[in-house]
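S.K.: Structure, please.
(chains A and B)
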Amino acid sequence: MTRIDPLPDFEARHLGPDSADVAAMLGTLGYDSIDALVDDVVPESIRMEGELELPDALTEAELLGRLRRIAADNEVYRSYLGMGYSDTLVPGVVQRNILENPGWYTQYTPYQAEIAQGRLEMLLNFQTMVMDLTGMEIANASLLDEGTAAAEAMHLAHGNARGDANTFFVSERCHPQTIDVVRTRAWPLGIDVVVGDHEGFEIDEDVFGVLLQYPATDGEVIDYTDFARRAAEAGAMVVAAADLMALALLTPPGEWGADVVVGNSQRFGVPMGFGGPHAAFMAAREAYKRKLPGRIIGVSIDADGNPALRMALQTREQHIRREKATSNICTAQVLLAIMAAAYAVYHGPRGIRRIAERIRAQTSVLAAGLEGQGHDVLTDTFFDTVRVRPAGSADDVLQRADDRRINLRNFGDGTLGVALDETTRPDDVDDLLRIFAGDGELDLSAHALEADGAIPELPGWATRTSAYLEHEVFNRYHSETEMLRYLHKLETRDLSLKTSMIPLGSCTMKLNATTEMAGVTWPELGELHPCAPMAQAEGYRTIFREIERWLAGITGFAATSLQPNSGAQGEYTGLLTIRAYHEDRGDHHRDVCLVPSSAHGTNPASAVMAGMRVVVVKSAGDGSIDLDDLETKASEHAEKLAAFMVTYPSTHGVFEAGIRRACEIIHENGGLVYLDGANLNAQVGLARPGDYGADVCHINLHKTFAIPHGGGGPGMGPICCNERLAPYLPGHGIHETGGEKAIGAVSSAAWGSASILVISWAYIALLGRRGTRRASEVAILGANYMAKRLEGHFDVLYRGERGLVAHEFIVDLRPMKRATGITEEDVAKRLIDYGFHAPTVSFPVVGTMMIEPTESEPKEELDRFCDAMISIRAEIEQVELGIADAEDNALKNAPHTAAMVSADAWDHPYSRTQAAYPAPWTRESKFWPSVRRVNNAYGDRNLVCACPPVEEYAEVGG
Amino acid sequence: MSEIPSDLHYTEEHEYLKATDEDGVYAVGVTDYAQGELGDVVFLELPDVGSSFGKMDVFGTIEAVKAVSDLYCPLEGEVVAVNEALDDDPSLVNSDPYGDGWMIKLKLADANEVSSLLSADSYAEHIG
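M.R.: Predicted coordinates for the structure are as follows:
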């Protein structure tokens, strides 16, 4: 760098500790350089040679300039493509205060319910909205996209099937990407998918479920009542994939016989983003409430008996069910579900209905205009989409559309689809009529047609008569001032990275820098339809190409697929490529997947979804993989060995020296190695999975590469693999992607949630070759520094060969639980009183906590957290010594709300000050939980998953 | 220390078999140890009266705040009664596992098979 080059700025902003802090932390650990520390942490046998092939770091200003130029290569045409995605008007108050607000996007999944009541309330609103609009009795919050939601519904129906029924019927009028994803998911499980016309389809005893699109992909609103009745009589479950906006006007699926309704909530104020992220949903009849995949928010009570929200039925989740799981859904799309719910809250039932009526009115006007011009409108009953057979050549129409920078859907059979949305204006309809007119002349404008009364009523069977969104929350906040304050009220109930560190082991809650986030809401990136031609997405192509290359380089692999939408989805996709590889070689019988007992629960769940049999490998006493047991199991199953799933560094927070040998054992027995990249943040620039023996890995971009957690999504789980598996990387029906022997689509969109790839792209570009490695080094330093500071107070459960940990570590709370009855949960809740979010509780070892500081937290924050833990340890000691009461103490009663400590009565043996201000910093800035400890069992026994009536709050609250 | 009544029969999967007044009919539930490990029970999925199960077949699931677990049929038999009180109050499994917390009554295909199950002492040893 010369004296006139721009000052490098980002690395120092991204890293918490400055050089003096780093020196001090190294001093505490007895090292004189970070290199020496890293040499002792990362086994020499796996260290990468040389440096990563990444560019030099850009400054923040340079990055934004480059992104502007790249984004300008995208061409945002007016889109009438439909297919489940619609342009939408994101309310400004929602965009700025949720999507662009770290107070909403930096939270973790709401496991600590007491400090998550804000987003839990908005997610409950989401469920209520979905239940109301679909006419169903329970809904989840949320799923990854409509395609995978439909596939999850297929699994639900399959699990519910009587006898050996093994066929899932899919209407040919479903969105094509949904059909693709359902087919991919059915393949490893041996489910027969029959795609066809529902009207002629005979539902025999082998059919366990049917999938119908409502309205159909070509726009037709079909009366499925008879078909649904036939399905019910035959014992098949009816799944509807529905458009929420259409349901504001149409008879909801719950009223014509659907058992399950899935769909995408994107058009409720979430940008299309060339594929995502958006929140999909699943709603069902009451009977299936305990079978619904994904997370469900429920109403319970807190220790004072006041209403409090939390995630319900958590033990149904894959991480507990493991190889008995029926779904591997983990990270979902919480932030986007929150946006969609906020859209419904802001518009309310009247507003939503007016938007829907206007869309239908414009579509009616368009249809009348097209018929007036002599075209054949093939759609009889429509909401927002018509299919048209032009009087002349469809190609000519498409050419004229292209000239006007307009995208229409080409069915390829001489017919065209036109789908309108809330952004469509009368001028736009006029433009569409001009395009179809051929001579560019407009006989009758949209306004003239409207005046002619071109808007027919919907037929009676299709007309919705039931009310929706009647709850007060959807009828209160319709001015921007009220909405702003409602969003703020909820935000202040949640602990986010705005408040303090979130030291969640295995979750890597690092900085989500403002500059990295900037591009997400740019129209050039946000307004592209996922099915827009690639020629209009040159900017995205550049980003995909660069990040694919960078991620492959970081993991030491040959190829990348950006399609999987979450880490668990990446696991599943990676295993499918392994499956395809074996099948391609004629090894159809290879179906055993070895999984260490310490694996994240999604691992065995993903293996089951990929049609594999899970065989568990033991952990040795020191927490590492028991290589002897691995060898035994691998050779025992050598004939059938398909894969080994392993996390590295291990879920125990240790760089195991035996990893290379473990990979060799698997290869010697004919299997391939799937590496769970959840802990990649410990090894960027230091070690590469491809070098030490893995064949494929996923990368949680929402961990290592700075996509914000969003309170439980969006995430991204791209996979990287070697030459051997590259041919099988997933393809896609809409855009060309994947290998030459590609497996089918695993996501609705070809590049998953394309718009947030920009965040990770920016992270790598801003840190560059040196900074990405530095981030891993400082993450390792931070974890070891904290482990050192907690020494003597807590036992660190597992360490590597030289007594060091990786980027995270486990503290053992079991001894004090045995001695005092104070549980890990008590400690987690007490941390709230100190202003902190608990570390990961009881994973991967029950009764412990796993702490991961990340490189972004300054030394001062690490110290503050350690001080809180040490202070809590002293409080436990008071119980141990009998000084504090065993039951009525600050830990058992935690967290303490403002209402509790300011109440007139205080009859606890400890002081109010100790309760609420246990550490000096809480005097300076106090985070108050909005409820006391939430009762999980009460909520699961009395399952309520919709907004309760306001009176109920009053009653319970007394 | 969890309670292990001496007159019952046990499985390694923590179910018990308890004689009823009727010959060859036994009540099936989970042990005190199991309910303690599971934590607060919130929901049970139990079979219909009249269904039959083989030895170690899954006859239902038990859902608690800490885990969801399958329930295994200790011996072959037909379900002659289901404890409907658990629908309203699944916590009976926690408060009275060997009494009001029973789950199904099973008419055994072969009552002699009972001796193949674990005794209280063997079960105590099993859970350590």
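S.K.: so how many other residues sit close to residue A:817?
M.R.: 17 (other C-beta atoms under 10 Å in any protein chain shown). The way it works is simple: take the backbone N, C-alpha and C, and place the C-beta from them, glycine included.
S.K.: Give me the pLDDT for it.
M.R.: Here the pLDDT value assigned to residue A:817 is 93.
S.K.: In contact with the closest residue to it other than its chain neighbours, which residues are there?
M.R.: Nearest residue to residue A:817, sequence neighbours excluded (C-beta to C-beta, 6 or more residues apart in numbering or on different chains): residue A:823, at 5.5 Å. Listed by C-beta atoms under 8 Å, 6 or more residues apart in numbering or on different chains, the contact set of residue A:823 reads A:813, A:817, A:847.
S.K.: For residue A:830, see how far away residue A:823 is.
M.R.: 11 Å (C-beta to C-beta, to the nearest Å).
S.K.: same deal with residue A:382?
M.R.: Using C-beta to C-beta, we find residue A:382 at a distance of 58 Å from residue A:830.
S.K.: Same check on residue A:155?
M.R.: 40 Å.
S.K.: Tell me which of those two has more neighbours.
M.R.: residue A:830 (27 against 20).
S.K.: For the helix or strand that contains residue A:937, list the C-alpha coordinates in CSV.
M.R.: Following DSSP states H and E, one finds residue A:937 within helix A:936-941. Taking Å, rounded to 0.1, in the frame of the first residue of the first chain, the C-alpha atoms of helix A:936-941 are listed here in CSV:
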residue,chain,number,x,y,z
ASN,A,936,-43.0,-25.0,28.7
ALA,A,937,-45.1,-27.9,29.9
TYR,A,938,-48.2,-25.8,30.4
GLY,A,939,-48.1,-24.6,26.8
ASP,A,940,-47.5,-28.0,25.4
ARG,A,941,-50.3,-29.5,27.3
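S.K.: show me the contacts for residue B:14.
M.R.: Residue B:14 makes contacts with B:30-31, B:33-34, B:37, B:127, as judged by C-beta under 8 Å, 6+ apart.
S.K.: Past the helix or strand of chain B with the lowest mean pLDDT, which element shows up next along the chain?
M.R.: When each helix and strand of chain B is scored by mean pLDDT, DSSP states H and E, strand B:68-72 comes last, with a mean of 88. Later in the chain than strand B:68-72, the nearest helix or strand by DSSP H and E is strand B:77-82.
S.K.: who does that following strand touch, helix- and strand-wise?
M.R.: Under the contact definition 3 or more C-beta pairs under 8 Å, 6 or more residues apart in numbering or on different chains; DSSP states H and E, strand B:77-82 sits against strand B:52-53, strand B:104-108.
S.K.: and which of the contacts of residue A:823 is nearest to residue B:71?
M.R.: The closest of these to residue B:71 turns out to be residue A:847 (C-beta to C-beta; 25.4 Å).
S.K.: count of residues packed around the nearest residue to the closest one once chain neighbours are set aside?
M.R.: Counting by C-beta to C-beta, 6+ apart, residue A:847 lies nearest to residue A:814, which is 4.1 Å off, once chain neighbours are set aside. Counted with other C-beta under 10 Å, the neighbours of residue A:814 add up to 15.
S.K.: how much space between residue A:814 and residue A:717?
M.R.: Using C-beta to C-beta, residue A:814 is found at 32 Å from residue A:717.
S.K.: Next: residue A:155.
M.R.: 19 Å.
S.K.: likewise residue A:858?
M.R.: As judged by C-beta to C-beta, residue A:858 and residue A:717 stand 29 Å apart.
S.K.: between these two, which one's more packed in?
M.R.: residue A:717 (32 against 16).
S.K.: tally of neighbours for the closest residue to the more buried one other than its chain neighbours?
M.R.: By the measure of C-beta to C-beta, 6+ apart, the closest residue to residue A:717 outside its immediate chain neighbours is residue A:570, 3.0 Å from it. By other C-beta under 10 Å, the residues close to residue A:570 number 33.
S.K.: Which helix or strand contains residue A:570?
M.R.: For residue A:570, the host element (DSSP H and E) is helix A:567-584.
S.K.: tell me which strands and helices that helix is in contact with?
M.R.: helix A:602-609, strand A:641-647, strand A:672-676, strand A:696-698, strand A:719-721.
S.K.: quick one: low-confidence ranges for the chain?
M.R.: In the absence of a named chain, chain A is used. A:315-321, A:950-958 (pLDDT under 70).
S.K.: right idea, wrong chain: chain B
M.R.: Using pLDDT under 70, chain B drops low at B:1.
S.K.: Which positions in it make contact with chain A?
M.R.: Contact residues, chain B versus chain A (C-beta under 8 Å from any C-beta of the partner chain): B:39-40, B:42-43, B:45, B:63-68, B:70, B:90-91.
S.K.: and residue A:92, what is it in contact with?
M.R.: Residue A:92 touches residue A:480, counting by C-beta under 8 Å, 6+ apart.
S.K.: List the contacts of the spatially most central residue of chain B.
M.R.: The residue lying closest to the centre of chain B (C-alpha atoms, centre = their mean) is residue B:29, at 2.0 Å. Each residue near residue B:29 by C-beta under 8 Å, 6+ apart is listed here: B:15-16, B:18, B:93, B:97-98, B:101-103.
S.K.: how much space between whichever residue of the stretch 501-650 of chain A sits closest to chain B and residue A:330?
M.R.: Closest contact between the stretch 501-650 of chain A and chain B, by C-beta to the nearest C-beta, is at residue A:601 (11.5 Å). Applying C-beta to C-beta, the value for residue A:601 to residue A:330 is 8 Å.
S.K.: okay, the two: which has more neighbours?
M.R.: When neighbours are counted by other C-beta under 10 Å, residue A:330 comes out ahead of the other of residue A:601 and residue A:330, with 26 against 21.
S.K.: how about the helices in chain B?
M.R.: B:32-38, B:85-88, B:92-95, B:120-127 (DSSP state H).
S.K.: picking that back up, out of the contacts of residue B:14, which are buried?
M.R.: Buried by 16 or more other C-beta atoms under 10 Å in any protein chain shown: B:30-31, B:33-34, B:37, out of the contacts of residue B:14.
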